[in-house]
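Undergrad: Fold the following, please.
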Amino acid sequence: MQEFTYLKGTEEFMLSLPDADTEILKNVRWGDPCALFTPAYWCTQYLMRDHNSAPNRHRIGHSFAEEVAACLLGGHGIPAEVGNAAFARLKQEGLIQELCDNTDSRPSILHPLSIIFARKICLLNTRLICGTSC
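TA: Numbers count the residues shown, from 1 in each chain. All right, here's what the predicted structure looks like:
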């Protein structure tokens, strides 16, 4: 067991956490609560959060499946407009849950997307990613 101690205001709290080497999923270890992005880190961040304040709502979707889809459609090097347009298309067509259940739906996201970049509309295609005309 790992012991994790933190302060909330002037009150001290101590948590007993699983050992860092405990496997919680196949090939996923619990980790150290002080190591960024480990399951232990996220658990302690949640527990240290002020639960009395209004929750932050940094969400695009209304369900876990929609949030995962939004994350997968965005990412490093992908402009927000592209990810948001793809997400809106999938949501509008009701394909997010279907994508989770049925892998045959994936070609639906390959249709061109209308995207606004600096007030200009560009078409995003699987072969052409907004050339110099944007």
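Undergrad: And the strands in the chain?
TA: 2-8, 11-17, 23-25, 28-29, 113-117, 120-124 (DSSP state E).
Undergrad: rank the ones you listed by mean pLDDT and give me the bottom one.
TA: Among the strands of the chain, strand 120-124 carries the lowest mean pLDDT, a mean of 43.
Undergrad: pLDDT score for Leu36?
TA: Leu36 is assigned 90 on the pLDDT scale.
Undergrad: Begin at 248, not 1, for the rest of this chat.
TA: Fine by me, first position is 248 from now on; the one you just mentioned is Leu283.
Undergrad: For it, give me phi and psi.
TA: Here is the backbone geometry of Leu283 (degrees, to the nearest 10): phi -50, psi 140.
Undergrad: and it, what does it touch?
TA: Leu283 sits next to no residue when contact means Cβ atoms under 8 Å, 6 or more residues apart in numbering. Where C-beta positions appear, they are placed from N, C-alpha and C, glycine not excepted.
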